[in-house]
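**Q** Next comes the sequence, and after it the predicted model I'd like to discuss.
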Amino acid sequence: MIGFLRGKLVHKAPPWLQLDVNGVGYEIEAPMTTFYNLPVIGQEVKLHTHLVVREDAHILFGFHTEADRAMFRTLIKINGVGPKLALTILSGQSADEFYRCINNGDIQALVKLPGVGKKTAERLVVELRDKMLDSIMPESSQTKLPVQANPGQEAISALCSLGYKPQDAAKMVQAVGTEGKSCEDIIRQALQSTKR
């Protein structure tokens, strides 16, 4: 596994860039959040990398920060999210911004990202919320971004623990709405709506 590359930037044309590392040219695919931080052509840059091996290709992805790479690695483990969509998500938001969306259950902000529909956004929130603090965000980001209580997300988690599938739980909560309601109220109304 190639953990990082440090070399001279010789070409950049989103989403591709090329680094000259001691005379070897590495082609790297990177999100726009990384491109915004690249130096001018000819300057040295260090990128944290992730290698995706497929039958027909080996694709090297590069990231400006370790947090972005960790986010990418977590995203590609989600069902229905491959490297291309993960790169698109990270091109639309920084790791910190994406963390806030997941932490706050902000599905509306997620669906604004290219390639992310409502179902994908709901799945991302349900599957990532509990993992975010431990596996994605560095300690510095964790201290800057306190966990906020989200009654809607807590209700979804509670419904999942009752045996509902994450997608079904998210639909149930969305159907009853969350504004101005406590977690307990949301759960009660969601369960009552299924009995009708």
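**A** Received, thanks. Residues are numbered from 1 along each chain as shown.

**Q** From now on I want contacts and neighbour counts done on CA atoms only, so please keep to that.
**A** OK.

**Q** In contact with Gly62, which residues?
**A** Contacts for Gly62 (Cα atoms under 8 Å, 6 or more residues apart in numbering) come out as 28-31, 34, 47-50, 69.

**Q** Would you check how far apart it and Ile2 are?
**A** 10 Å (Cα to Cα, to the nearest Å).

**Q** okay, the contacts of Gly62 in a markdown table with distance to Glu122 next?
**A** Formatted as a markdown table, these follow (distance: Cα to Cα, whole Å):
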| residue | distance to Glu122 |
| --- | --- |
| Ile28 | 30 |
| Glu29 | 27 |
| Ala30 | 25 |
| Pro31 | 22 |
| Thr34 | 26 |
| Leu47 | 31 |
| His48 | 29 |
| Thr49 | 28 |
| His50 | 26 |
| Arg69 | 22 |
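
**Q** Ile187: which of these is nearest?
**A** Arg69 (35.7 Å; Cα to Cα).

**Q** Confirm that closest one sits in a helix?
**A** Yes - assessed with DSSP: H, G, I helix; E, B strand; the rest coil, Arg69 lies in a helix.

**Q** My understanding was that it contacts Leu60; is that so?
**A** No - taking Cα atoms under 8 Å as the definition, Arg69 is not a contact partner of Leu60, at 11.7 Å.

**Q** ok, these two, which is more surrounded?
**A** Arg69 (22 against 16; other Cα atoms under 10 Å).

**Q** which residues does the more buried one contact?
**A** Counted by Cα under 8 Å, 6+ apart, Arg69 has contacts 48-50, 62-63.

**Q** buried sites along the helix or strand harbouring Glu127?
**A** Glu127 belongs to helix 118-128 when assigned by DSSP states H and E. For helix 118-128, burial by neighbour count (16 or more other Cα atoms under 10 Å) applies to 120-128.

**Q** Mutual contacts of Arg69 and Leu60, please.
**A** With Cα under 8 Å, 6+ apart as the test, Arg69 and Leu60 both reach 49-50.

**Q** what packs against the longest helix belonging to the chain?
**A** Of all segments of type helix in the chain, defined using DSSP state H, the longest is helix 183-195. Under the contact definition 3 or more Cα pairs under 8 Å, 6 or more residues apart in numbering; DSSP states H and E, helix 183-195 sits against helix 151-161, helix 166-176.

**Q** Go ahead and produce PDB holding the CA coordinates of the first one.
**A** Output for helix 151-161, consisting of C-alpha atoms alone and laid out as PDB, is shown next (Å, rounded to 0.1, in the frame of the first residue of the first chain):
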ATOM      1  CA  PRO A 151     -33.900  13.800  17.900                       C
ATOM      2  CA  GLY A 152     -34.600  12.600  14.400                       C
ATOM      3  CA  GLN A 153     -31.400  10.600  14.100                       C
ATOM      4  CA  GLU A 154     -31.800   9.200  17.700                       C
ATOM      5  CA  ALA A 155     -35.300   8.100  16.700                       C
ATOM      6  CA  ILE A 156     -33.900   6.300  13.600                       C
ATOM      7  CA  SER A 157     -31.300   4.500  15.700                       C
ATOM      8  CA  ALA A 158     -33.900   3.500  18.300                       C
ATOM      9  CA  LEU A 159     -36.200   2.100  15.600                       C
ATOM     10  CA  CYS A 160     -33.200   0.200  14.100                       C
ATOM     11  CA  SER A 161     -32.600  -1.300  17.600                       C
END
